[in-house]
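Peer 1: Sequence first, then the predicted structure, then my questions.
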Amino acid sequence: MIASDTASTPDPRHQPRAFLEHLYRVAVHQALPLARMGGHLPPPPRGRTLVLGAGKAGGSMVQALEALWPQDAPLSGLVVTRYGHIPPRPAGLPSRIELVEAAHPVPDAAGLRAAERMLALTQGLTADDLVLCLISGGGSALLTLPADSLTLEDKQRINRQLLESGAHIGEMNCVRKHLSRIKGGRLAAACAPARVVTLTISDVPGDDPAVIASGPTVPDASTCAQAIAILQRYGIEVPTPVMEGLRGGCLETPKPGDAVFDGHAVHLIATPRQSLEAAAHAAREAGIEAHVLSDEMEGESREVGKVHAALARAVAQHGTPFARPCVILSGGETTVTVRARPAGSPKGRGGRAGEFCMGLAGALMGQAGVWALAADTDGIDGVEDNAGAFVAPDTLTRAQSRGLKLSDHLDRNDAYGFFGALDDLLVTGPTHTNVNDFRALLVLPA
């Protein structure tokens, strides 16, 4: 779990790895809900306040709301988060909202039950009532309610295939919305005539609320035709009745301008850019100039790693486009296309951050003076127990001395095995927030 104390800054010149980890922790702390939610809360309504939500930050968002909402104002509801992502409850904080856990990134029966219960809780709402929806990254898998003629097993298979296909988050969520009875604005429609206020933590490039957790409470501009094209592009099959429903338009989602969204509001309480800027500020306070490339980077993780390596090598060797010493920061959501394993090779383990680090390490070729950290801000890289991994000037040398061949690990997407053997994994445990990828490259004079 990420500690809240980010005041002590390691010396970047003598403790580069500790310094990079410090920047990561500053970025995560910036996105914690308790510090970000208060200014976005509406006043209590005349009727009741129902809280619904889903995401990896669900537990900390619930606790923040319980601490900030007037103690004499009614508050109840249901929020689902990932297994192991409920933070310790502060002493003296009463529990008013039910928290349940489910699987991510592949949905399970617990997520299905939670989604069914949420829809049931919307029954009987009136215009005097308020629905507060707490939405964060991971909510799409956690809040699963398959469309008619689609089973949970179908959704699990489709989800796995999308995750392994290299599809970007917008494509995955377009399909998820159209194969769901709760995503793509359908939860908001079920809440009518109550007012809906969505508080969200962004984990997607561009911070589009319609993409975060597949937008259960916001209009959806994507179409059934687009969902069909994505399924065909990646060779993913769906049951015939579902394909017929997509072709006939009966699985279409509520669109922008639909009256069901009148009076609703969406507030982004934490974004990737804010976290990157917080890390940049921390670096500058330590006397290191910082450059934020982008919070919207997408593409194959290993290829993005190679691009970052080219930039870092230019800085290290020529002092361009940035002067040394400096920190180069970026965020976004890259993808990993899972490749067929060579015959007899073990199954690879790892996520986007580790794959980025393998691509980076290979392209840096042991460049002197360059250190790096890539990690997921939720504390979990893929489905493993690490947040990410470190790269150092001697990464490849140490790997060779241990009999590790980087290309073999790349071939089977095995970043966890590669960096674990080097003791270069960053392990934080769940951070209870999620603003997606964090990448920091420290370039020091050699």
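Peer 2: Yep, it's here.
Peer 1: Run through the strands of the stretch 1-150 of the chain in chain order.
Peer 2: Along the stretch 1-150 of the chain, counting by DSSP state E, counting those that start in this stretch, strands occupy 49-54, 76-82, 98-102, 130-136.
Peer 1: Show me what the first one is packed up against.
Peer 2: Same thing as strand 49-54. In terms of contacts (3 or more C-beta pairs under 8 Å, 6 or more residues apart in numbering; DSSP states H and E), strand 49-54 is packed against helix 58-68, strand 76-82, helix 109-121, strand 130-136, helix 139-142. To be clear about C-beta, it is placed using only N, CA and C from the backbone, and glycine gets the same treatment.
Peer 1: So which of the ones you listed is the most surrounded?
Peer 2: Among these, helix 139-142 has the highest mean neighbour count (mean count of other C-beta atoms under 10 Å), at a mean of 30.
Peer 1: Let's see it as PDB, backbone CA atoms only.
Peer 2: Output of helix 139-142 as PDB, limited to C-alpha atoms (Å, rounded to 0.1, in the frame of the first residue of the first chain):
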ATOM      1  CA  GLY A 139     -14.900  -0.900 -13.500                       C
ATOM      2  CA  SER A 140     -15.700  -2.400 -16.800                       C
ATOM      3  CA  ALA A 141     -14.500  -5.900 -15.800                       C
ATOM      4  CA  LEU A 142     -15.800  -5.500 -12.300                       C
END
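Peer 1: could the helices and strands packed on strand 49-54 go into JSON lines alongside mean pLDDT and distance to Glu252?
Peer 2: What follows is the helices and strands packed on strand 49-54, written out as JSON lines (pLDDT from 0 to 100; distance: least, C-beta to C-beta, whole Å):
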{"stretch": "helix 58-68", "mean pLDDT": "97", "distance to Glu252": "28"}
{"stretch": "strand 76-82", "mean pLDDT": "97", "distance to Glu252": "25"}
{"stretch": "helix 109-121", "mean pLDDT": "97", "distance to Glu252": "19"}
{"stretch": "strand 130-136", "mean pLDDT": "98", "distance to Glu252": "22"}
{"stretch": "helix 139-142", "mean pLDDT": "94", "distance to Glu252": "18"}
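Peer 1: Distance to His22 for these - can I get that in TSV?
Peer 2: Listed next are the helices and strands packed on strand 49-54 as TSV, based on distance: least, C-beta to C-beta, whole Å:
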stretch	distance to His22
helix 58-68	21
strand 76-82	26
helix 109-121	35
strand 130-136	24
helix 139-142	29
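Peer 1: what about these, which gets the closest to Pro241?
Peer 2: helix 109-121 (19.0 Å; C-beta to C-beta).
Peer 1: Any chance you could list what contacts that closest one?
Peer 2: Contact partners of helix 109-121, identified using C-beta atoms under 8 Å, 6 or more residues apart in numbering, comprise 50, 52, 54, 77-78, 80, 100-103, 141-146, 152, 181-182, 187, 190.
Peer 1: Return a PyMOL selection command for the buried portion of those.
Peer 2: To isolate the buried ones among the contacts of helix 109-121 in PyMOL, judged by 16 or more other C-beta atoms under 10 Å, type:
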select buried, resi 50+52+54+77+78+80+100+101+102+103+141+142+143+144+145+146+181+182+187+190
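Peer 1: okay, now Ala363: neighbour count?
Peer 2: By other C-beta atoms under 10 Å, the residues close to Ala363 number 18.
Peer 1: Now do the same for it: helix, strand or coil?
Peer 2: When classified by DSSP: H, G, I helix; E, B strand; the rest coil, Ala363 comes out as helix.
Peer 1: how far away is it from Val292?
Peer 2: Shown here: Ala363 relative to Val292, a distance of 21 Å by C-beta to C-beta, to the nearest Å.
Peer 1: All set now, cheers.
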